[in-house]
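A.B. asks: A predicted structure for the sequence below; I have some questions about it.
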Amino acid sequence: CELARTRVTVALSGDGGDEAFAGYRRYKWFMTEQRVRQWLPDAVRGPVFGALGRWYPKLDRAPKIFRAKATLEAIARDAVDGYFHGVSVTPDRVRLPLYAPEFLASLDGYRAVEVMRDHAKRSPTRDPLSLVQYLDFKTYLPGDILVKVDRASMAHSLEVRAPLLDYTFVDWISGLPPDLKLKGAEGKYILKKALEPVLPNDILYRSKMGFAVPLAAWLRGPLKERVRDRLLGSRADQGGIFEPARIRELVEQHESGARDHSAVLWALLMLDATGRRLRAT
């Protein structure tokens, strides 16, 4: 954003393209899981895959093909719960043991997946792929993707426009057959075909590249002391929400390299920072 602002005051972004044209890899995985759900009756699928998910080890450092625990757990659930499980930063098996008993009791059985279930009830489609795209339009896109772009651009007085999110364009795309968006394993199928006369195939069909940072390494390196200070030290204040012993276990497992808990530790750091700021105002 800072570099762009030195030359322009308004920039264009491609935000919304993955949600509209089914570009995320998770859509492909979800549809694979969904086919299993359709093949097996609930009475068989839930118990069998639930047991497999509990038994299968969490292989953070293994090649992705062997990291099947989350997939098995997702297949054991229905479509909405399974998709929520797949996109969650902290799945139930990690999140629930973090909560202090009193806080967990105060939730009275409430689960965050209910947000997605409410949106799913109002979805204009029952097609599985279109449904999860709709869920991303209602949650992930406005709550994550657009927020970070808006904050980063506004910090540098840069206006960012997202032409792929023009409401008339999105309305038209949403009416297209799902297999024109995700065809086999190829996401954004119709968009890529439309751009073939303009862009070379090695750009259009290259492997998807994200914008991830080496968070796991940072939390074991330059941010290690901050993690311990804010989450374990004398300055730690969990507000009665979390179990300190469980947080310590996550920190020590991550520091030793036994597990990758970077996502949940980062979330806890951000929650801590937010709480400190609110208490200071």
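C.D. replies: Great, that's in hand.
A.B. asks: convert stretch 38-45 to CSV, retaining C-alpha atoms only.
C.D. replies: Presented in CSV, the C-alpha positions along stretch 38-45 are these (Å, rounded to 0.1, in the frame of the first residue of the first chain):
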residue,chain,number,x,y,z
GLN,A,38,-23.7,-38.2,-0.4
TRP,A,39,-22.4,-41.8,-0.8
LEU,A,40,-22.7,-42.8,2.9
PRO,A,41,-25.8,-42.5,5.1
ASP,A,42,-25.4,-40.3,8.2
ALA,A,43,-25.8,-43.3,10.5
VAL,A,44,-22.6,-44.8,9.1
ARG,A,45,-20.6,-41.8,8.1
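A.B. asks: give the rounded mean pLDDT of it.
C.D. replies: Across stretch 38-45, the average pLDDT comes to 83.
A.B. asks: which residues touch residue 264?
C.D. replies: By Cβ atoms under 8 Å, 6 or more residues apart in numbering, the residues touching residue 264 are 89-90, 94-95, 98, 250. For the C-beta atoms, the positions are set from N, CA and C on the backbone; glycine is no exception.
A.B. asks: show the pLDDT at the spatially most central residue of the chain.
C.D. replies: Centroid-nearest residue in the chain, with Cα atoms, centre = their mean: residue 87, separated by 3.8 Å. Note for residue 87: predicted pLDDT of 92.
A.B. asks: so it sits right up against residue 26, yeah?
C.D. replies: Yes - with contact defined as Cβ atoms under 8 Å, residue 87 reaches residue 26; the gap is 6.6 Å.
A.B. asks: for this structure, which residues score under the pLDDT cut-off?
C.D. replies: Along the chain, segments meeting pLDDT under 70 span 1-3, 59-67, 234-235, 237-238.
A.B. asks: and the strands in it?
C.D. replies: Counting by DSSP state E, the chain has strands at residues 10-12, 159-161.
A.B. asks: quick one, helices of the stretch 151-281 of the chain?
C.D. replies: 167-174, 189-195, 201-204, 215-220, 224-231, 244-256, 262-280 (DSSP state H, counting those that start in this stretch).
A.B. asks: can I get the last one as PDB, trimmed to CA atoms?
C.D. replies: Below are the C-alpha coordinates for helix 262-280, written out as PDB (Å, rounded to 0.1, in the frame of the first residue of the first chain):
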ATOM      1  CA  SER A 262       0.800 -20.700  15.500                       C
ATOM      2  CA  ALA A 263      -2.800 -19.800  14.500                       C
ATOM      3  CA  VAL A 264      -4.400 -20.200  17.900                       C
ATOM      4  CA  LEU A 265      -1.400 -18.500  19.700                       C
ATOM      5  CA  TRP A 266      -1.600 -15.600  17.300                       C
ATOM      6  CA  ALA A 267      -5.400 -15.300  18.000                       C
ATOM      7  CA  LEU A 268      -4.800 -15.300  21.700                       C
ATOM      8  CA  LEU A 269      -2.100 -12.600  21.300                       C
ATOM      9  CA  MET A 270      -4.500 -10.500  19.300                       C
ATOM     10  CA  LEU A 271      -7.300 -11.000  21.900                       C
ATOM     11  CA  ASP A 272      -4.900 -10.100  24.600                       C
ATOM     12  CA  ALA A 273      -3.800  -6.900  22.800                       C
ATOM     13  CA  THR A 274      -7.500  -5.900  22.200                       C
ATOM     14  CA  GLY A 275      -8.300  -6.500  25.900                       C
ATOM     15  CA  ARG A 276      -5.400  -4.300  27.000                       C
ATOM     16  CA  ARG A 277      -6.400  -1.500  24.700                       C
ATOM     17  CA  LEU A 278     -10.000  -1.600  25.800                       C
ATOM     18  CA  ARG A 279      -9.000  -1.600  29.500                       C
ATOM     19  CA  ALA A 280      -6.700   1.400  28.800                       C
END
